[in-house]
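Chemist: what's the 3D shape of this:
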Amino acid sequence: MTSKIDTDTKGIPLKGPYPDHPPVIVLYTAMNTMFTCITGSIANHAIVKNNEAADAKIAVLARYDLGYLYAALIVLKVGQFLMGANAGNARKYAKVHTPDQHVYQVKGAEGSKLGYVLMDNDGKNGRFNRAQRALQNYQETYPQTLAYILASGFVYPKEVFVLAAMYATFRVVSAIGYTSSTDGRMAGFIGSNFVASIMEVLVGIIAFKTILG
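Modeler: Next up is the predicted model:
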């Protein structure tokens, strides 16, 4: 069950979803750095190290200068990260919590007297809204995840198949938890991001080995 959040007279929460300190960009950077260090170590020791078959494929990619395509995926991720931090900062000061993604206002002569329009987060409507939001979360990350699967899967096909299965499983767990409550999404959400980070690190390692060798 989703806990009630105290709001002002127009429905905006009194307290934002982020702490006052540190700044959102610092918080996001710290979390991403921690994730990358952990998943990078796992990827290197469990998948990359002493993998002769993979090294042969990386040599093929290097021969055709395809490492730059892998690097391009990382560049796109950096852009996404910065835009995400920008959105997170705006969310912090707007004090808008998940699952809400937008704040609507009723216009017209009487509109100023009414509250803002946000998602219904209670009862059956709330369960539907959160279930729908969980599906949209998955669809928003699907293109990027698919690109990581195809790129890293060329070099590490069996390992990436296992990672993809884990990712999908975690996302289903997150969706079921999200349907029950906003906080219920976190276990599966963190797990899926952890797995996606491993695939992302693999793409980065392939780019590094292919370009700089």
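
Chemist: any idea which residue sits dead centre in this protein?
Modeler: Most central in the chain under Cα atoms, centre = their mean is N193, positioned 5.9 Å from the mean C-alpha point.

Chemist: so it: helix, strand or coil?
Modeler: Following DSSP: H, G, I helix; E, B strand; the rest coil, N193 is assigned to helix.

Chemist: low-confidence ranges, this protein, go.
Modeler: Along the chain, the parts satisfying pLDDT under 70 run over 1-3, 109, 111.

Chemist: now do the buried residues in the lengthiest helix in it.
Modeler: Using DSSP state H, we find that the single longest helix of the chain is helix 123-155. Within helix 123-155, the residues that qualify as buried are 126-127, 129-131, 133-134, 137-138, 141, 144-145, 147-149, 151-155, counting by 16 or more other Cβ atoms under 10 Å. Where you see a C-beta, it was placed from the backbone N, CA and C, and this is true even at glycine.

Chemist: follow-up on the earlier one: next one: the residue nearest to the centre of the chain from L61, what distance?
Modeler: Distance of N193 to L61, computed by Cβ to Cβ, to the nearest Å: 26 Å.

Chemist: please apply the same query to I12.
Modeler: Separation of I12 from L61 (Cβ to Cβ): 50 Å.

Chemist: V173 contacts M186, doesn't it?
Modeler: No: with contact defined as Cβ atoms under 8 Å, V173 does not reach M186; the gap is 10.3 Å.

Chemist: between these two, which one's more packed in?
Modeler: Each of V173 and M186 has its neighbours counted (other Cβ atoms under 10 Å); V173 has more, 17 against 13.

Chemist: now the more buried one. Nearest residue, chain neighbours left out?
Modeler: G188 (3.4 Å; Cβ to Cβ, 6 or more residues apart in numbering).

Chemist: show me the contacts for T39.
Modeler: Residues in contact with T39 (Cβ atoms under 8 Å, 6 or more residues apart in numbering) are 194, 197-198, 200-201.

Chemist: likewise for K113?
Modeler: Going by Cβ under 8 Å, 6+ apart, K113 touches no other residue.

Chemist: hang on, the earlier thing: ok, I12 and L61, which is more surrounded?
Modeler: Using other Cβ under 10 Å, the more surrounded residue of I12 and L61 is L61, with 21 against 18.

Chemist: the nearest residue to that one once chain neighbours are set aside: which element?
Modeler: Spatial nearest neighbour of L61, excluding adjacent residues (Cβ to Cβ, 6+ apart): T210 at 4.8 Å. Applying DSSP states H and E as the criterion places T210 in helix 186-211.

Chemist: before we move on, the earlier item: so how far is T29 from the closest residue in space to the residue nearest to the centre of the chain that isn't next to it in sequence?
Modeler: Excluding the flanking residues, the one nearest N193 by Cβ to Cβ, 6+ apart is F35, at 7.1 Å. Noted for F35: a distance of 11 Å to T29, by Cβ to Cβ.

Chemist: looking at the two, which one has more neighbours?
Modeler: Set side by side, F35 and T29 show more neighbours around F35, with 18 against 14, by other Cβ under 10 Å.

Chemist: residues of the helix or strand harbouring the more buried one that come out buried?
Modeler: For F35, the host element (DSSP H and E) is helix 24-43. Neighbour-count burial for helix 24-43, counted by 16+ other Cβ under 10 Å, picks out 24, 27-28, 32, 35-36, 39-40, 43.
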